[in-house]
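> Compute the structure for the input listed below.
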Amino acid sequence: MSTLKTIYLQHLNGSSPSISFSSNGDMTITGNVFYTKALTSTPANNNYSIEYVIVGGGGAGGYRYGGGGAGGYLSSVVGEMSGGGQPARPVFWVSSGSSYTVTIGAGAAGNSTSAAGHGANGSNSSFSTLVAYGGGGGSLGGTSSSSDPLMRGWAGGCGGGSSGDGWGSGNVPGGYGTFAQGFDGGYGWDQSGNNNGGGGGGAGGPGFDTGNNVDAVGNGGKGVQTNISGTPTWYSGGGAGSCQNGNKAVPGRGGGAYYRQSGSTNTGGGGGSGLDTSSGGGGSGIVIVRYANATQRGTGGTVTSATIDGVTYWIHTFTSSSTFTA
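Numbering: from 1, shown residues only. Reported below is the predicted structural model:
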């Protein structure tokens with residue numbers, strides 16, 4: 001039987017977890033434990049745990065003012081955050097020799113100048129059964145009445161930014177983000193017939209609202225930084241909004257895009273809004289998994305290693321759909 005060298009526990013509500021062993025070798029964990037970190041050696045059943053970051057494809061900006069929402073962000077990296085302000089998710093256990101499907105979500109294509117429309121949602125990314133949803137598209141803006149659904153950004157991993165409705169009814173809520181993946185898009189506003197667009201939601205913060213100001217415009221929501229690969233990197237930033245008088249916003253950190261620009265490749269960044277013109281598309285997603293071990297165990301993706309906090313990790317980075325074999 002293999003011996004466990006190290007096991008890390010994370011606790012909640014101030015409870016101090018502990019490990020004890022009975023005379024026959026059974027292990028008992030006490031305390032309000034949220035999850036355990038990857039083991040530094042392999043259990044007897046030859047399974048092992050991985051930590052992951054999964055980023056969905058970013059949503060496109062709207063033809064009329066709403067920034068695209070970033071792709072959803074799922075993370076189980078100990079000590080970091082998942083999307084939407086939630087703590088890291090539980091680690092994922094794999095079985096040695098088994099294969100797991102990896103899907104990289106495409107960013108949504110932006111609207112062309114000749115095709116006014118709502119921004120499309122990005123595509124989902126996944127690792128086995130774990131799914132990060134594509135970002136919500138930015139709004140087209142109201143065209144007929146204050147109840148026009150196109151004035152609101154689409155829901156997604158992170159919500160798309162909304163636009164004013166053109167009928168003087170005030171603010172319009174942004175598209176919804178997904179729990180533990182991302183925040184909502186920003187509010188749009190109509191002020192004296194001048195439509196202002198909210199920013200696309202990010203994994204680390206909501207899209208910015210325009211507020212009751214004829215010159216206001218919504219910045220994209222910030223993404224989340226991770227050190228899963230040993231190099232701190234930002235993902236899932238929201239796309240920038242714009243407004244009818246020509247003002248343009250700033251995108252969220254993490255691959256979000258400026259006005260009419262597309263989100264950065266393999267970041268899940270949201271696309272920048274149009275201004276009665278073509279809009280930017282979303283950035284494609286990414287999947288990164290790692291495990292602690294002295295030597296490489298799995299195959300698939302681009303494989304690197306790094307020593308982080310004294311522990312040797314093997315990191316598999318997927319920028320296109322493939323397979324991970326444990």
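
> Correct me if wrong, but residue 84 is in a helix.
Yes: with DSSP: H, G, I helix; E, B strand; the rest coil as the criterion, residue 84 is assigned to a helix.

> So what's the residue count around it?
25 (other CB atoms under 10 Å). Where C-beta positions appear, they are placed from N, C-alpha and C, glycine not excepted.

> Quick check, pLDDT for it.
Predicted confidence (pLDDT) for residue 84: 97.

> you'd agree it is up against residue 203?
Yes: between residue 84 and residue 203 there is a contact under CB atoms under 8 Å: 7.0 Å.

> what is in contact with those two at once?
181-183 (CB atoms under 8 Å, 6 or more residues apart in numbering).

> From residue 52, how far out is the closest residue in space to residue 89 that isn't next to it in sequence?
Closest residue to residue 89 apart from its sequence neighbours, by CB to CB, 6 or more residues apart in numbering: residue 76 at 4.5 Å. Applying CB to CB, to the nearest Å, the value for residue 76 to residue 52 is 5 Å.

> Report the set of residues contacting both of the two.
Residues touching both residue 76 and residue 52 by CB under 8 Å, 6+ apart: residue 92.

> Share the number of residues neighbouring residue 278, please.
As a burial measure, residue 278 scores 17 neighbours (other CB under 10 Å).

> That one contacts residue 109, correct?
No: contact criterion CB under 8 Å: residue 278 and residue 109 do not qualify, at 10.4 Å.

> ok now do residue 74, which residues does it touch?
Taking CB under 8 Å, 6+ apart, we find residue 74 in contact with 52-55, 82-83, 89, 130-132, 180-181.

> now, which of those residues sits nearest residue 326?
Nearest to residue 326, judged by CB to CB, of these is residue 52 at 12.7 Å.

> Next secondary structure element downstream of the helix or strand containing the closest one?
Taking DSSP states H and E as the criterion, the element that holds residue 52 is strand 47-55. Next helix or strand after strand 47-55 toward the C-terminus (DSSP H and E): strand 73-75.

> just how off-centre is that next one within its chain?
In terms of CA atoms, centre = their mean, to the nearest Å, the centre of strand 73-75 is set 6 Å apart from its chain centre.
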